[in-house]
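In: Fold the following for me, if possible:
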Amino acid sequence: MSLLGNIRDRIVESVIRKNETVQRFGSIQDVFIDSESRIANVKILLRGESQDTLFRAYYSFEDGDKGTELVFDKLTCDRTWINEALKMFMDGRRLNFPIADYSGEAFAGITGKFAKILF
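Out: Alright, predicted model coming up:
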């Protein structure tokens with residue numbers, strides 16, 4: 001993987017790991033980024049559960065009010081009832097996360113420019 005691809009993947013992972021909503025539901029056990037498909041596979045140990053649950057987040061990078069944003073267009077889960085709840089919640093919605101909120105303004109600008117070049 002190229003240096004720029006590695007930086008981009010680290011930004012995606014950082015946004016996921018630092019996200020307060022994700023942290024409220026459980027603890028992240030593992031994050032695997034598939035850059036070519038633009039899918040983040042995230043294993044979360046949900047509160048009160050004894051086994052990890054796999055979530056998939058389909059992402060892209062776009063320009064936003066605060067600069068480059070990581071945008072999740074679709075979320076899925078390997079547990080049927082959670083997957084159905086995600087479909088209802090996401091119904092036409094997109095989740096936008098300004099990179100600057102998670103990685104610092106200067107780093108976000110550099111990474112955002114490279115991310116847009118690569119996609």
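
In: could you show me where the strands are in this protein, in order?
Out: Assigned by DSSP state E, the strands in the chain fall at 26-34, 39-46, 53-64, 67-77, 95-98.

In: Give me the residues contacting the longest one.
Out: Outside strand 53-64, the residues within contact range by C-beta atoms under 8 Å, 6 or more residues apart in numbering are 8, 12, 16, 26, 38-46, 68-79, 82, 96, 98, 112, 115-116, 119. For glycine as for every other residue, the C-beta is placed from the backbone atoms N, C-alpha and C.

In: The shortest one too?
Out: Contacts made with strand 95-98 from outside it, assessed by C-beta under 8 Å, 6+ apart, are listed as 15, 19, 62, 64-72, 75, 108.

In: try 6 Å this time
Out: The contact list for strand 95-98, computed with C-beta atoms under 6 Å, 6 or more residues apart in numbering, reads 15, 64, 66, 69-72.

In: Give me the buried positions along that strand.
Out: Buried residues in strand 95-98, counted by 16 or more other C-beta atoms under 10 Å: 95, 97-98.

In: Relative to that strand, what are the paired strands and their orientations?
Out: Using DSSP bridges, strand 95-98 pairs in its sheet with strand 67-77 (antiparallel).

In: and what of the first one?
Out: As defined by DSSP bridges, the strand partners of strand 26-34 come to strand 39-46 (antiparallel).

In: List the buried residues in the strand it pairs with.
Out: Going by 16+ other C-beta under 10 Å, strand 39-46 has these buried residues: 39-40, 42-45.

In: in the protein, what secondary structure element scores lowest on mean pLDDT?
Out: Using mean pLDDT, DSSP states H and E, helix 105-118 stands out as the lowest-scoring helix or strand of the chain, at a mean of 50.

In: got any ranges where the protein has weak pLDDT?
Out: Applying pLDDT under 70 to the chain flags the ranges 1, 103-119.
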